[in-house]
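Engineer: with the input below, show me the fold.
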Amino acid sequence: MNKKTAIGVNTKYYTKAQISKNVSHNFRMLPDNDNLISPLIYDSKNCCGVFTTSADEWGKNYNEAIDLMSEKKGAKNQFVECVVSIPYDQFKEVQKNSGGAGNCIKEITNGLEDFMRKFEEESGMMPVGYALHLDEGHYEKDRNGKDVAIYNTHAHVTFANVCRNDFTLKKDVRVIEKDDNGKAMKDERGRWKVKRDDDNKIITEKHEEVLRRGRMPLAKLVQKGSNSIWSRQQDVAFDSFKHLGFTRGVKGSKAKHEDADTLKKRKENERLEAENRAAMLVSDIYNEWSDAAIKKDDVAIEKAQEDMRKAFESKLLADIAIQIKQKEQIKFAERNLVKQQTHIKPQQTLTNAISRPKMRR
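Structural biologist: This next block holds a predicted model:
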């Protein structure tokens, strides 16, 4: 089995109201995750398996960003969150080679902080903070029937769509053809007519635009196309983690971090499909046996009985095992949810989330 080592980045945009819910999830303030398991590395300071930017720093950055965006309260996309997937296989290697849990966390969080710095350098967007999650995943049975934890190690890295410093946006701009009067020309379909070289490749020129402090750069970044931070975000993450043995994600990959709701739906679909396959298999073999019995065909009866025996020894039992496994995971999630609800106060506000009251195990 090949080990997974490729860093991946999945980015989404959020409003101020939406990011409040994200913060509650990231800081484990609300019981909104059916996917929690016993922490891979336990943070005694925060009393959970989450390692974050300090509450003071997070709150300071958040408030500064809101102040800078105060004149643009109606902006739709005020925050950006990058979910950085940190493959569990390679994380274990870092843990093994770093000489202890504390050093391992330091190596990973240093990588996240480096990623934030480089992301700001290329995008102009202000870093708010990160939350490294080491308490999500599921259990699988090993060959001895023992539960083995498979962790979904990842981090939520939050940026504000605002420049805290003047930022020079560099981009390649297509050169537009102009007529004798210097007016930009359009083609027969009404699109700007771009210049091309002898190989029919579009000619571009370097362009720089200064975005002042307080400017929201996202709209400008989207216009950069193939040279944007979105096309390079995996390169940026790889640069920050390659010294730890991580590799770059496949270019153009559609792989994404699977949230708790998506995971739960997928598990339930797998369970239903397994039940259907098992039921159809039993029905088919039973029909064969029934037809053979009516015809009093002893050879056919014996064959149907043998098919049933093989089914129970192989495919059918495998499908039933899948059902049991999915049901066990759902039951575990329900127990975990109840356990969280006994320790977490409902209706946490963003301010309360940032202050991060401690949870008991």
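Engineer: only C-alpha atoms for contact and neighbour calcs from this point on.
Structural biologist: OK.
Engineer: strands of the stretch 101-250 of the chain, start to end?
Structural biologist: Using DSSP state E, counting those that start in this stretch, the strands of the stretch 101-250 of the chain run over residues 126-133, 137-141, 147-151, 154-160, 167-174, 204-211, 247-248.
Engineer: dump those to JSON lines, plus distance to Phe241, mean neighbour count and mean pLDDT.
Structural biologist: What follows is these, written out as JSON lines (distance: least, C-alpha to C-alpha, whole Å; neighbours: other C-alpha atoms under 10 Å; pLDDT from 0 to 100):
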{"stretch": "strand 126-133", "distance to Phe241": "14", "mean neighbour count": "25", "mean pLDDT": "95"}
{"stretch": "strand 137-141", "distance to Phe241": "22", "mean neighbour count": "16", "mean pLDDT": "86"}
{"stretch": "strand 147-151", "distance to Phe241": "19", "mean neighbour count": "15", "mean pLDDT": "89"}
{"stretch": "strand 154-160", "distance to Phe241": "13", "mean neighbour count": "26", "mean pLDDT": "95"}
{"stretch": "strand 167-174", "distance to Phe241": "25", "mean neighbour count": "18", "mean pLDDT": "81"}
{"stretch": "strand 204-211", "distance to Phe241": "29", "mean neighbour count": "12", "mean pLDDT": "83"}
{"stretch": "strand 247-248", "distance to Phe241": "8", "mean neighbour count": "19", "mean pLDDT": "90"}
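Engineer: turn the ones you listed into TSV, including distance to Asp114.
Structural biologist: Output for the strands of the stretch 101-250 of the chain, formatted as TSV (distance: least, C-alpha to C-alpha, whole Å):
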stretch	distance to Asp114
strand 126-133	11
strand 137-141	26
strand 147-151	24
strand 154-160	11
strand 167-174	18
strand 204-211	23
strand 247-248	16
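Engineer: I'd like to know which of the ones you listed is closest to Asp43.
Structural biologist: Smallest distance to Asp43 across the strands of the stretch 101-250 of the chain (C-alpha to C-alpha): 10.7 Å, for strand 126-133.
Engineer: thinking Tyr130 is in contact with Val157, fair?
Structural biologist: Yes - the criterion here is C-alpha atoms under 8 Å, and Tyr130 meets it with Val157 at 4.3 Å.
Engineer: overlap in contacts of those two?
Structural biologist: Shared contacts of Tyr130 and Val157, defined by C-alpha atoms under 8 Å, 6 or more residues apart in numbering, are found at Leu112.
Engineer: which one of the strands of the stretch 101-250 of the chain lies nearest to Ser70?
Structural biologist: The nearest among those, by C-alpha to C-alpha, is strand 154-160 at 12.5 Å.
Engineer: wait, which of the strands of the stretch 101-250 of the chain is closest to Ser85?
Structural biologist: Here strand 154-160 is closest among the strands of the stretch 101-250 of the chain (C-alpha to C-alpha), at 4.5 Å.
Engineer: residues touching Asn61, list them.
Structural biologist: Pro127, Val128, Gly129.
Engineer: quick check: closest non-adjacent residue to the first one.
Structural biologist: What that stands for is Pro127. Spatial nearest neighbour of Pro127, excluding adjacent residues (C-alpha to C-alpha, 6 or more residues apart in numbering): Phe159 at 4.4 Å.
Engineer: give the contact list for the one you found.
Structural biologist: Phe79, Val80, Glu81, Met125, Met126, Pro127, Val128, Gly129.
Engineer: for Ser98, state which of the contacts of Asn61 is nearest.
Structural biologist: Among these, and counting by C-alpha to C-alpha, the member closest to Ser98 is Gly129, at 23.9 Å.
Engineer: residues contacting that closest one?
Structural biologist: Thr52, Thr53, Glu57, Trp58, Asn61, Val157, Thr158, Phe159.
Engineer: partners of it in the sheet?
Structural biologist: Thr158 (DSSP bridges).
Engineer: break this protein into its domains for me.
Structural biologist: Per automatic domain parsing, the domain ranges recorded for the chain read 6-166+239-255, 170-211.
Engineer: ranking these by mean pLDDT, which is last?
Structural biologist: When the domains of the chain are compared by mean pLDDT, domain 170-211 comes last with a mean of 82.
Engineer: measure that one end to end?
Structural biologist: End-to-end span of domain 170-211 (C-alpha to C-alpha, to the nearest Å): 11 Å.
Engineer: then stretch 42-61?
Structural biologist: End to end - C-alpha to C-alpha - stretch 42-61 spans 26 Å.
Engineer: out of the domains of the chain, which one sits most buried?
Structural biologist: domain 6-166+239-255 (a mean of 18; mean count of other C-alpha atoms under 10 Å).
Engineer: for Ile150, give the beta-bridge partners.
Structural biologist: Those that pair with Ile150 in a beta bridge, by DSSP bridges, are His138.
Engineer: any idea how far it lies from Glu121?
Structural biologist: 35 Å.
Engineer: residue contacts, Ile7?
Structural biologist: Per C-alpha under 8 Å, 6+ apart, neighbours of Ile7: Val84, Ser85, Ile86, Pro87, Gln234, Ala237, Phe238, Phe241, Phe246, Thr247, Arg248, Gly249.
Engineer: mind putting those residues into TSV with distance to Gly99?
Structural biologist: Output for the contacts of Ile7, formatted as TSV (distance: C-alpha to C-alpha, whole Å):
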residue	distance to Gly99
Val84	24
Ser85	23
Ile86	19
Pro87	19
Gln234	28
Ala237	24
Phe238	23
Phe241	18
Phe246	18
Thr247	22
Arg248	25
Gly249	27
